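Peer 1: need a structure here:
(2 chains)
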Amino acid sequence: MSKGEENKGATTQRNMIQAINNAMDVCMERDDNVCVFGEDVGYYGGVFRATAGLQEKYGKTRSFDTPINECGIIGVAVGMAAYGMRPVAEIQFADYIYPGLDQLVSEAARLRYRSAGEFTSPLTIRTPFGGGIFGGQTHSQSPESIFTHVCGVKTVIPSTPYDAKGLLIAAIEDPDPVVFFEPKRIYNGPFDGHYDTPVLPWSKHPASEVPDGHYAIPLGKANVLREGSAVTMLCYGTMVHVTAAAVEELGIDAEVIDLRTLLPLDMETIEASVKKTGRCVIVHEATRTSGFGAELSALVQERCFYHLEAPIERVTGYDTPYPHSLEWAYFPGPVRLRLAIERVMEDVSGNV
Amino acid sequence: MAKAPASPKRAPRKSPAKKPPAKSAARKSAAPAAPNRERPAEPDRYTASKDELLEYYRQMLLIRRFEEKAGQLYGLGLIGGFCHLYIGQEAVAVGLQSALDNDKDSVITGYRDHGHMLAYGLDPKVIMAELTGRAAGIAQGKGGSMHMFSVEKRFYGGHGIVGAQVPLGSGLAFAHKYRGDGGVCLAYFGDGAANQGQVYEAFNMAELWKLPIIFVIENNQYAMGTSVNRSSAEDQLYRRGESFRIPGLQINGMDVLEVRGAAEVALDWVRSGKGPILLELKTYRYRGHSMSDPAKYRSREEVQSVREKSDPIEAIKKELEAAGVSAEDMKATDKEIKAIVAEAADFAESSPEPHPDELYTDVLVEQY
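Peer 2: Purely as a prediction, here's the structure:
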């Protein structure tokens, strides 16, 4: 549990999927307007089992299957939301979201503005994203910066079971459309980037103690995972664990910030940290060019330019489609993190 | 509380229709848009020669054994990620593609594509090596199970996004017509993909421009874990083209000779310039949707029953017997296929992975 948050009563050990499932359960219990739907979501309980048991508990009118038509799924969600419901739609893989992009960009994200606030679209799109599962180009992408580029939609990415539940509840209750990216590589355990060693299950991680009741983690509030003074590490999703592990292995006094939401962005926390450390490494799995790291880098230099002691470093996926073979050559893992940290720690005289 | 659509009740599924669909589908209240519109002929079950039968048997068996081996390699961790096996559906690719003119026709399909590649007689070694992500794979390890291509055979892939290949099929057909090369495009998709909006955009354009394309719905009854009835308002998928004036035929996809017979009718229709046609092939996949699917949405008995009653390979064995092929001859073929598959697996396991430099090639013509 993050510090400063109240004790939420009884907890249960949950992995990421179970925490996400529980968040929807809690919201459905509290509010009739919450419905969950998507491909294989109802009867089957979701290909990743995120909606397992919800149809049994809430019936076929509140947890249901849709045909395979992402444009239709998101379009229907926009209509439901405009009418006052709280739809939670699943897009089975983030790679499948593109047919629904028109509805999300032109409708969901713009309804509030063009009706001067009279109609809104408080929907949540849950979608698993990211690689490390050997899924190749159509099951591994990280398209988050496409959504942060669209005004009128929020982008949320959790990194632990505890955060996943609290952020998903906040997303469902948020008055605006939210795209909730679930890092599928860490559904079952906090993968640290060492693909050749077994992943610890969530049960070994403190953030798997998830309160049973309702709690929300505010959107736009980053989590300072580790305080430090040498360098600021900005990361989200799977890369939080990869980054934290790399920092521990290097024994560097880095400040690791899990952004949790990309939009709204907790610039206050980022700015305070970089002004303290004077150095910044941005880590994401998505391709580099026009990735979210570009935005972060611009913001950091705008706000912290006179505090920076080294150029900002980005550790990202390469600018290629996600490869089928060579996945681990593509994945921005421990080696690339170490090299970036070493570069950013060089002082102005060039000495390490 | 607002009502969301629940799964509506459905009439029991009909067995594959034997009659032309338009007659049974006609309603009193709806005046037919074009009552005298020409319909394709009723397909006959194909009469195959002994050599043809042997060839179908050989191809279907190769697909079956190849896929079983792929499943094993997956279990051993040699194939990673997503792997969708074609076991049970062999008669579809073999029956249809055996009727094509390989010098001019083109084929495109979704992610369950190994069978279509093999039905073309492509080398099983390079297909298996693609599954294991090796440099010797047909897409040099870049595509994997779902994304395979062959310029030589005019096979345009292998597409991982459900339904996305269907508009491409209309584009291929447009190019056939534009060039006047006499070719036809065979565009496969599944019962799940049949609900994607872009499929209907592709239908409309294909009929509007009278494109030479055969749309093929491989209806294996389940879109991942969701049955046709749970996801489709019109579950008789061969009717899905009617509002675009595309005639549809529903065919038993478990019988390679019925499939081949339908292919003849469809090719006649399309080659004579009448525009697209839609074939719904009722088939069944024995395995899960992918290797990670335990298939809990259907009973073991259901799968067993299909295997026992309508297995396409068992069916053609009976045809072969009737044609006077001896059990020894069939066994010799089995042995030959087994050796081919073993060789493919060895090749796929032992050939090297791509060089890391390959990460940056083929993104654009030039590296950047």
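Peer 1: can you list the residues of the stretch 201-350 of chain B near chain A?
Peer 2: Contacts of the stretch 201-350 of chain B with chain A, taken as Cβ under 8 Å from any Cβ of the partner chain, map to B:Ala223, B:Met224, B:Gly225, B:Thr226, B:Arg230, B:Ser231, B:Ser232, B:Asp293, B:Lys296, B:Tyr297. C-beta coordinates here come from the backbone N, C-alpha and C atoms, glycine included.
Peer 1: Reduced to three states, what does B:Lys335 come out as?
Peer 2: helix (DSSP: H, G, I helix; E, B strand; the rest coil).
Peer 1: repeat for the one 10 residues further on
Peer 2: The three-state label given to B:Ala345 by three-state DSSP is helix.
Peer 1: count of neighbours near it?
Peer 2: 23 (other Cβ atoms under 10 Å in any protein chain shown).
Peer 1: Look up the closest residue to it, ignoring the ones flanking it.
Peer 2: B:Lys69 (5.2 Å; Cβ to Cβ, 6 or more residues apart in numbering or on different chains).
Peer 1: pLDDT of the one helix or strand that neighbour maps to, averaged?
Peer 2: Element membership of B:Lys69 [criterion: DSSP states H and E] is helix B:50-75. The average pLDDT within helix B:50-75 is 97.
Peer 1: State which strand of chain A is the longest.
Peer 2: strand A:280-287 (DSSP state E).
Peer 1: what's that one packed up against?
Peer 2: Contacts defined by 3 or more Cβ pairs under 8 Å, 6 or more residues apart in numbering or on different chains; DSSP states H and E place strand A:280-287 against helix A:144-148, strand A:231-235, helix A:238-250, helix A:292-304, strand A:313-317, helix A:334-345.
Peer 1: count of residues packed around B:Gln165?
Peer 2: 26.
Peer 1: brain fart, B:Arg134
Peer 2: 22.
Peer 1: so who does the nearest residue to it once chain neighbours are set aside touch?
Peer 2: Sequence neighbours aside, B:Ser351 is the residue nearest to B:Arg134 in space, at 4.5 Å (criterion: Cβ to Cβ, 6+ apart). Under the criterion of Cβ atoms under 8 Å, 6 or more residues apart in numbering or on different chains, the neighbours of B:Ser351 are B:Ala129, B:Arg134, B:Ala135, B:Ala136.
Peer 1: Quick one: end-to-end distance for stretch A:210-228.
Peer 2: 27 Å (Cα to Cα, to the nearest Å).
Peer 1: now it, how far from the centre of its chain.
Peer 2: 13 Å (Cα atoms, centre = their mean, to the nearest Å).
Peer 1: Stretch A:174-181 too?
Peer 2: 12 Å.
Peer 1: what about that stretch, how long is it end to end?
Peer 2: 16 Å.
Peer 1: number of nearby residues for residue 325?
Peer 2: Just going to use chain A. If we define neighbours as other Cβ under 10 Å, then A:Ser325 has 26 of them.
Peer 1: Can you look at chain B instead?
Peer 2: 17.
Peer 1: Look up how far chain B lies from the residue nearest to the spatial centre of chain A.
Peer 2: Geometric centre of chain A, nearest residue: A:Ile157, 1.2 Å, by Cα atoms, centre = their mean. Distance, A:Ile157 to chain B, using Cβ to the nearest Cβ, to the nearest Å: 22 Å.
Peer 1: ok, back up a step: tell me the spacing between the residue nearest to B:Arg134 and chain A.
Peer 2: 11 Å.
Peer 1: you'd agree the residue nearest to the centre of chain A is up against A:Glu144?
Peer 2: Yes: because the distance of 6.6 Å satisfies Cβ atoms under 8 Å, A:Ile157 is recorded as touching A:Glu144.
Peer 1: Residues of the stretch 51-200 of chain B that sit close to chain A?
Peer 2: Counting by Cβ under 8 Å from any Cβ, the stretch 51-200 of chain B sits next to chain A at B:80-82, B:111, B:133-135, B:137, B:141-147, B:160-164, B:192-193, B:195-198.
Peer 1: let's see 6 Å
Peer 2: B:80-82, B:133, B:141-142, B:144, B:160-162, B:192, B:195-197 (Cβ under 6 Å from any Cβ of the partner chain).
Peer 1: Which of the residues you listed fall within helices?
Peer 2: Judged by DSSP state H, those include B:Gly197 as members of helices.
Peer 1: Of the residues of the stretch 51-200 of chain B next to chain A, which is the most crowded?
Peer 2: B:Gly144 (30 neighbours).
Peer 1: With adjacent residues omitted, what lies nearest to it?
Peer 2: A:His324 (3.4 Å).
Peer 1: Can you get me a residue count around the one you found?
Peer 2: 30.
Peer 1: Surely A:Phe181 forms part of a strand?
Peer 2: Yes: with three-state DSSP as the criterion, A:Phe181 is part of a strand.
Peer 1: Could you give the bridge partners of it?
Peer 2: Beta-bridge pairing for A:Phe181 (DSSP bridges): A:Thr127.
Peer 1: can you tell me which helix or strand the nearest residue to B:Asp44 once chain neighbours are set aside belongs to?
Peer 2: Excluding the flanking residues, the one nearest B:Asp44 by Cβ to Cβ, 6+ apart is B:Gly261, at 5.0 Å. Under the criterion of DSSP H and E, B:Gly261 resides in helix B:256-271.
Peer 1: Can you give the contact residues for that helix?
Peer 2: Helix B:256-271 has contacts (Cβ atoms under 6 Å, 6 or more residues apart in numbering or on different chains) with B:40-41, B:43-46, B:56, B:91-92, B:94-96, B:99, B:184, B:212, B:214, B:249, B:251-253, B:277, B:279, B:312, B:316.
Peer 1: Which PyMOL command selects the buried ones in these?
Peer 2: Buried subset of the contacts of helix B:256-271, written as a PyMOL selection, criterion 16 or more other Cβ atoms under 10 Å in any protein chain shown:
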select buried, chain B and resi 40+43+46+56+91+92+94+95+96+99+184+212+214+249+251+252+253+277+279+312+316
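Peer 1: now, which of the contacts of helix B:256-271 lie within strands?
Peer 2: Reading strands off the contacts of helix B:256-271 with DSSP E, I get B:Ile214, B:Leu249, B:Ile251, B:Asn252, B:Ile277, B:Leu279.
Peer 1: okay, and for the chain, where does confidence drop off?
Peer 2: All of this refers to chain A. A:1-8, A:347-352 (pLDDT under 70).
Peer 1: oops, chain B please
Peer 2: Using pLDDT under 70, the flagged stretches of chain B are B:1-35, B:368.
Peer 1: 50 instead, please
Peer 2: B:1-14, B:16-17, B:19-27 (pLDDT under 50).
Peer 1: Identify the residues contacting A:Arg126.
Peer 2: A:Glu90, A:Phe180.
Peer 1: how about 10 Å then?
Peer 2: With contact set as Cβ atoms under 10 Å, 6 or more residues apart in numbering or on different chains, A:Arg126 has these partners: A:20, A:23-24, A:36, A:38, A:41, A:46, A:50-51, A:88-92, A:94, A:156, A:168, A:171-172, A:178-182.
Peer 1: again, but for A:Ala340
Peer 2: A:Ala340 touches A:Val231, A:Met233, A:Ala246, A:Val281, A:Ile282, A:Val283, A:Ile312, A:Glu313, A:Arg314, A:Val315, A:Thr316, A:Pro332, counting by Cβ under 10 Å, 6+ apart.
Peer 1: quick one: the nearest residue to it once chain neighbours are set aside from chain B, how far?
Peer 2: Distance criterion Cβ to Cβ, 6+ apart; nearest residue to A:Ala340, sequence neighbours excluded, is A:Glu313 at 4.2 Å. For A:Glu313, the distance to chain B (Cβ to the nearest Cβ) stands at 20 Å.
Peer 1: what is A:Glu313 paired to in the beta sheet?
Peer 2: With DSSP bridges as the rule, A:Glu313 is bridged to A:Val281.
Peer 1: Stretch B:269-283 spans what distance, first to last residue?
Peer 2: 23 Å.
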